[in-house]
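Trainee: Return atomic coordinates for the entry below.
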Amino acid sequence: MPHANNFVAQFWCALSDILAEEYRNRFKKLYEHAAQLSEGRPREAADEVRNAFDHVATAVHCVEDFERAIQDGAAADDLSQLKEKAWVNLDQAKRHLVMGSLFCLLTQIDVQVSLIQQMARTSHLESLTAEDADALQQEADSLEARFSSARKLEVVLTSARADIREEIDKANLKIAESLDLLNDFMRLYEKLRENDGGRHQGTHIGTAR
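Mentor: Have a look, this model is predicted:
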């Protein structure tokens, strides 16, 4: 049956794309970097990738059942249900990988915030004018507010493909927001390093938790 062969080929192509783009080219790199920076295993990201591969396994099992059902002459409705279940699980796998990438970025931001806090406790920024110190403090406060917003994740549990894809789109927007935020925190850290005299008590800049 040509339409059956088309579905199977489309499925394997979609799975290959997800594993290449979402896992190997994005999640894996972000996870390894987050693990290195945090000197540990990013738990939330690890949970997401495990859930992703659980869904991959289920999706593959559905395709195998579909192929057997074709050979057994199953009814069109039964074949349609197996196809839909396979696609839903593949979409769920992608969503978990995207969420995992987001958690990796949030872990990296956590590390950067900790570095800034450490500098705030130990550095002496005597070269800063009061005006410059206020400006840096306002920047730190603004970044903290953005970080608090980025950490607010509302995950909707659904099996509707349109809703899953909407969740993926929202998570990708959060990833873009978090990348910008990470870069801004790194720039703040570099500003503090450049102005750190390190010799006596002076103006302290830091972030709250």
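
Trainee: contacts, neighbours, all on C-alpha from now
Mentor: Noted.

Trainee: Taking the centroid of the chain, which residue is nearest it?
Mentor: Relative to the mean C-alpha position of the chain, the nearest C-alpha, by C-alpha atoms, centre = their mean, is the one of Leu102, at 1.4 Å.

Trainee: what's the distance between it and Glu139?
Mentor: As for Leu102, its distance to Glu139 is 23 Å (criterion: C-alpha to C-alpha, to the nearest Å).

Trainee: swap in Val8?
Mentor: Here the distance between Val8 and Glu139 works out to 52 Å (C-alpha to C-alpha).

Trainee: buried stuff in whichever strand or helix holds Ala14?
Mentor: Element membership of Ala14, judged by DSSP states H and E, is helix 2-17. Neighbour-count burial for helix 2-17, with 16 or more other C-alpha atoms under 10 Å as criterion, is recorded at Val8, Phe11, Leu15.

Trainee: could you dump the residues you listed to JSON lines with distance to Ala52 and pLDDT?
Mentor: Putting the buried residues of helix 2-17 into JSON lines (distance: C-alpha to C-alpha, whole Å; pLDDT from 0 to 100) gives the following:
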{"residue": "Val8", "distance to Ala52": "20", "pLDDT": "95"}
{"residue": "Phe11", "distance to Ala52": "16", "pLDDT": "97"}
{"residue": "Leu15", "distance to Ala52": "12", "pLDDT": "98"}
